[in-house]
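In: Got a predicted model here, sequence first, then my questions.
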Amino acid sequence: MQAILNVALPIFGVILAGYLAGRWRILGGESTAALNAFVSYFALPVLFFGALARTPVAAVLDPALMLGFGIVVLATFLLGMVTTRLISRGGLAAQSLQGIAASWGNVGYMGVPLCLAAFGEAGLPPAMLTVIVTAIVAMVFGVMLIELEVAAGHGPLRTFLRAAFNVARNPLPVSIALGVVVSAIGLPIPTPVEKWLDLLGAAAAPCALFAIGLFLSDKSIRSGLAEAGCATVIKLLLQPLAAWLVLPMFVDLTSVPGKVALLMAALPTAANAFVLAKQFDIAVEQNSASVLLSTAFSVITVSALLVLLRVS
């Protein structure tokens, strides 16, 4: 109960504030786009870079954790693809989008603030590793499969390079890579720059959570409930279960990295699933419903996991 009151309640409270701001028309669609841009291009990248640049590389890079978490994400991605194949006989693009909805957790906007609240600064390095793994599996692999159907005839190599380029230019992986490089070479950070990093990075958590609520405020569930329901069950129940079974082979689940990985596996579907569906104009309503349903039910599942992990 302490974990729910001290960690889950404040986190979901900020999401609720963003949701109400959108529903009550205090902030509109333009505000959502502006806040998302601020979080994606400024606040989160600065938080990631600042934390990693001041953390020894050995404490950040954990190949075992990355491999274990990668197996979990990939397994649930493939399971999500199978559900669409069975339910609607959807093509490769629709299956890939369902795989993304079932495996791509909200590790950036929701996961990082949650790990900060639950584990403090010690939770940031493993949380960032899960961001990298999720981006590689879901964006490179998932987008490549979508492009193979949508852009048929362009060739698999060109499609893969395009998907890899989309990841490479994303501010979050770039900021993580730069932070690791600065840490590795031991480059000192001047005090004014350090204060700037701390000030701007501190805005990441509340703004990211508020942006989630604002994004959800204009979404509704009209159709595609069967696939959205499957994606929600896989994301909120089967992915953390898979993590519980697979991760002990790679990391100690009683350690902070182990607990962070479990928590990240239990997060709801990221808004990226809807964004990609909208971009390709495929399975838009199903992916919108997946984001909305999984976020709503994650109030229960994430809170329960925090209690199980004895987070206070």
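Out: Sure thing, it's come through.

In: mind listing what I221 touches?
Out: Contact partners of I221, counting by C-beta atoms under 8 Å, 6 or more residues apart in numbering, are 228, 288-289, 292-293. C-beta coordinates here come from the backbone N, C-alpha and C atoms, glycine included.

In: Can I get the buried part of those as one ChimeraX selection?
Out: Command for ChimeraX that selects the buried part of those, burial taken from 16 or more other C-beta atoms under 10 Å:
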select :228,288,289,292,293
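
In: Adding distance to G258, write the contacts of I221 out as JSON lines.
Out: Converted to JSON lines, the contacts of I221 look like this (distance: C-beta to C-beta, whole Å):
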{"residue": "A228", "distance to G258": "30"}
{"residue": "S288", "distance to G258": "33"}
{"residue": "A289", "distance to G258": "32"}
{"residue": "L292", "distance to G258": "30"}
{"residue": "L293", "distance to G258": "28"}
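
In: what's the following helix or strand after the strand or helix carrying F49?
Out: Assigned by DSSP states H and E, F49 falls within helix 44-53. Downstream of helix 44-53, the next assigned helix or strand under DSSP H and E is helix 57-60.

In: and that following helix, what does it pack onto?
Out: Here helix 57-60 touches helix 124-134, helix 171-185, going by 3 or more C-beta pairs under 8 Å, 6 or more residues apart in numbering; DSSP states H and E.

In: and it, C-alpha only, in PDB?
Out: Taking C-alpha atoms only, helix 57-60 is exported to PDB below (Å, rounded to 0.1, in the frame of the first residue of the first chain):
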ATOM      1  CA  VAL A  57      30.300   3.500 -18.200                       C
ATOM      2  CA  ALA A  58      30.700   0.200 -16.400                       C
ATOM      3  CA  ALA A  59      27.600   1.000 -14.300                       C
ATOM      4  CA  VAL A  60      25.500   1.700 -17.400                       C
END
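
In: Just the buried residues of that helix, please?
Out: Of the residues in helix 57-60, 57, 60 count as buried by neighbour count, 16+ other C-beta under 10 Å.

In: which is the next helix or strand following that helix?
Out: Next element after helix 57-60 (DSSP H and E): helix 63-87.

In: Just give me how far the following helix or strand past that next one sits from the chain centre.
Out: Per DSSP H and E, the first helix or strand lying C-terminal to helix 63-87 is helix 92-103. Per C-alpha atoms, centre = their mean, to the nearest Å, the displacement of helix 92-103 from the mean C-alpha position of its chain is 15 Å.

In: My read is that V73 contacts V137, right?
Out: Yes. Between V73 and V137 there is a contact under C-beta atoms under 8 Å: 4.6 Å.

In: These two: which has the busier surroundings?
Out: V73 (28 against 22; other C-beta atoms under 10 Å).

In: show me what contacts that one?
Out: 103-104, 133-134, 137-138, 239.

In: ok, these vs M66, which is closest?
Out: Taking C-beta to C-beta as the measure, M66 lies nearest V133 of these, at 5.4 Å.

In: I'd like the distance between that closest one and V140.
Out: 11 Å (C-beta to C-beta, to the nearest Å).

In: do the same with G179
Out: 21 Å.

In: which one of those two has more residues nearby?
Out: Ranked by neighbour count (other C-beta under 10 Å), G179 and V140 place G179 first, with 25 against 18.

In: Tell me how many other residues surround the closest residue to L209 other than its chain neighbours.
Out: Spatial nearest neighbour of L209, chain neighbours left out: V14 (4.0 Å); criterion: C-beta to C-beta, 6 or more residues apart in numbering. Neighbour count of V14, defined by other C-beta under 10 Å: 20.

In: Give me the subset of the contacts of I221 that lies in strands.
Out: Among the contacts of I221, no member falls in strands (criterion: DSSP state E).

In: What helices and strands are in contact with the helix holding F49?
Out: Checked by 3+ C-beta pairs under 8 Å, 6+ apart, helix 44-53 has helix 124-134, helix 171-185, helix 191-201, helix 204-216 packed alongside it.

In: Of all the ones you listed, which one is nearest K278?
Out: Here helix 204-216 is closest among the helices and strands packed on helix 44-53 (C-beta to C-beta), at 12.0 Å.

In: Next, the angle from the closest one to helix 44-53.
Out: Going by axes from the mean of the first three to the mean of the last three C-alpha atoms, to 10 degrees, helix 204-216 is angled at 150 degrees with respect to helix 44-53.

In: Give the rounded mean pLDDT of helix 204-216.
Out: Throughout helix 204-216, pLDDT has a mean value of 89.

In: Repeat that for stretch 275-294.
Out: 82.

In: Quick one: end-to-end distance for it.
Out: In stretch 275-294, first residue to last residue: 16 Å (C-alpha to C-alpha, to the nearest Å).

In: rewinding a little: roughly how far out does the helix holding F49 sit from the chain middle?
Out: 16 Å.

In: Quick check: buried residues in stretch 274-293?
Out: So for stretch 274-293, counting by 16+ other C-beta under 10 Å, buried means 274, 276-277, 280, 282-293.
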